[in-house]
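In: Take this sequence and fold it.
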Amino acid sequence: MSSVGERWVSAIAGRDAAGLTGLLSEDVDFRGVTPRRAWEATNPAEVVDIVLGTWFDDGTTIDAVEEVTTDRVVDTDRVGYRFRTTTADGPHLIEQQAYFRADGDRIGYLRIVCSGYRPVS
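Out: Presented below is the predicted three-dimensional model:
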């Protein structure tokens, strides 16, 4: 994976906190929406804590990256990704759409919308 968005997905799937941190500018403008909550952060440590400490915490195993799509809307990139996961409740699919603006390899503006964990049989 080579684009900033694809590296974002790879870092989440690999639970790579240093990789996520390295993709974020020091003054990142982050907002996220999950089914029950809105999230905000202004620095890489806060974003990583939300993504790997809450959304994909130690109780979640990412078993596979099911899909990754990328596109661009004028000056804003999009990466959509779907993970097959396992939690204490069993197998799930989760999909997120991330919209971001990067200066080189560093994301300064990041918005993520999440489907939530959807159970699969």
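In: Can you tell me the SS state at A18?
Out: Classification of A18 by DSSP: H, G, I helix; E, B strand; the rest coil places it in helix.
In: Tell me what R84 is bridged to.
Out: A64, L93 (DSSP bridges).
In: residues in contact with it?
Out: Listed by Cβ atoms under 8 Å, 6 or more residues apart in numbering, the contact set of R84 reads 62-66, 91-93, 120. To be clear about C-beta, it is placed using only N, CA and C from the backbone, and glycine gets the same treatment.
In: and for stretch 20-40, what are the contacting residues?
Out: By Cβ under 8 Å, 6+ apart, stretch 20-40 touches 4, 7-8, 11-12, 41-48, 50-52, 55, 103, 105-116.
In: Just the ones of those in helices?
Out: When DSSP state H defines the helices, the subset of the contacts of stretch 20-40 inside them is 4, 7-8, 11-12, 44-48, 50.
In: ok so, going back, of the contacts of R84, buried ones?
Out: Members of those that pass the buried threshold by neighbour count (16 or more other Cβ atoms under 10 Å) are listed as 65, 92-93.
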